[in-house]
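A.B. asks: here you go, sequence then predicted model.
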Amino acid sequence: MQVNPIQLFDAESSTYTYILAAPGDPGAAIIDPVDRHWQRDLAHIERLGLRLTHVLETHAHADHVTSAGRLRALTGARACVPSGCGIPPAEVQLEDGDRIAFGAGEEIAVIHTPGHTAGSMCYLWRGNLFSGDTLLVDGCGRTDFQGGSASALYDSITRKLFTLDEATRVWPGHDYKGQSVTTIGWEKHHNARLAGRSREDFVALMGALNLPPPKLIDIAVPANRQLGLPHGM
């Protein structure tokens, strides 16, 4: 049975946070929480009678600071991060193909999708793909910092994500146009940056974007490598 996540939004960074829980099961996981919203997120979890067991990061974010460390300290949840993104305080360093068990028999599949950053991960649960900055609604993440690679991103999306069932719902890490969810099938056939485009064309397209750096990159990346907590805590 497909179950939708709880989708929460940070307007300042256009970041989506997701709470995952199955009906009748108190175990819960959260993906990409934002520091300024830790109280909001815990209030949702408490209101629904859930118990947070895992905090997942899709990568070391450059546009906001995570609340993963704070949520772990307050709830006892385990912090789970991609092994290639340089977040040593997390006790679970994920590899491609890993499975995260939470609740009573719930399981999240881990898919390594380098390109936006070298360590980017996507998470698959009950027909829902949490794509971070790898695949967005009608777009994709940038590839010009933190070990990014347009060629690697093209392969991650076309060879891994686009091989999933076309009915798989895609829940992006960001959206800037009011879009909240899409599907693998729609993106495979209509995504403006990827549909019908060769790797060479995609690499050329991404190389010509010339985007300004994220405003918080010098603050967010170091903080997120410590799970959003001051160094040493």
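C.D. replies: Received, thanks.

A.B. asks: tell me the centre residue of this structure?
C.D. replies: In the chain, the centroid-proximal residue (Cα atoms, centre = their mean) is Gly132; its distance is 2.9 Å.

A.B. asks: so who does that residue touch?
C.D. replies: Counting by Cβ atoms under 8 Å, 6 or more residues apart in numbering, Gly132 makes contact with Asp32, Thr58, His59, Thr113, His116, Ser120, Met121, Cys122, Gly141, Pro172, Gly173. C-beta: built from backbone N, CA, C; applies to glycine.

A.B. asks: contact partners for the nearest residue to it once chain neighbours are set aside?
C.D. replies: Of all residues beyond its chain neighbours, the one nearest Gly132 is Thr58 (2.9 Å), with distances taken as Cβ to Cβ, 6 or more residues apart in numbering. Shown in contact with Thr58 (Cβ under 8 Å, 6+ apart): 31-32, 82, 120-123, 130-134, 173.

A.B. asks: any chance of those residues in TSV, plus pLDDT?
C.D. replies: Written out in TSV, the entries for those read as follows (pLDDT from 0 to 100):
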residue	pLDDT
Ile31	99
Asp32	98
Pro82	97
Ser120	97
Met121	98
Cys122	98
Tyr123	98
Phe130	98
Ser131	98
Gly132	98
Asp133	98
Thr134	98
Gly173	98
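
A.B. asks: stretch 191-205: end-to-end distance?
C.D. replies: Distance between the two ends of stretch 191-205: 13 Å, counting by Cα to Cα, to the nearest Å.

A.B. asks: so how far is it from its chain's centroid?
C.D. replies: On the basis of Cα atoms, centre = their mean, to the nearest Å, stretch 191-205 is displaced by 22 Å from the centre of the chain it belongs to.

A.B. asks: all helices in this protein, in order from the N-terminus.
C.D. replies: Counting by DSSP state H, the chain has helices at residues 38-47, 68-75, 150-155, 184-190, 199-207, 217-224.

A.B. asks: can you pull out the residues in contact with the shortest one?
C.D. replies: Okay, so that is helix 150-155. Outside helix 150-155, the residues that touch it by Cβ under 8 Å, 6+ apart are 113-116, 118, 134, 140-141, 143, 194, 199, 202-203, 205-207.

A.B. asks: most neighbours among those residues, please name it.
C.D. replies: Going through those with other Cβ atoms under 10 Å as the criterion, the one with the most neighbours is His116, at 31 neighbours.

A.B. asks: where are the low-confidence patches of this structure?
C.D. replies: 231-233 (pLDDT under 70).

A.B. asks: apply 50 and report the result again.
C.D. replies: Across the chain, the ranges flagged by pLDDT under 50 are 232-233.

A.B. asks: now the strands for it?
C.D. replies: Here the chain has its strands, by DSSP state E, at 6-10, 15-20, 27-31, 51-56, 78-82, 92-94, 99-102, 106-112, 121-125, 128-132, 135-136, 139-140, 169-172, 182-183.

A.B. asks: Pro230: which of those strands is closest?
C.D. replies: For the strands of the chain, the distance to Pro230 is smallest for strand 78-82, at 15.7 Å, taking Cβ to Cβ.

A.B. asks: C-alpha coordinates for the closest one, CSV please?
C.D. replies: As requested, C-alpha coordinates have been extracted for strand 78-82 and formatted as CSV (Å, rounded to 0.1, in the frame of the first residue of the first chain):
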residue,chain,number,x,y,z
ARG,A,78,19.8,7.9,14.9
ALA,A,79,21.4,10.3,12.3
CYS,A,80,21.8,8.7,8.9
VAL,A,81,23.9,10.4,6.2
PRO,A,82,25.6,9.5,2.9
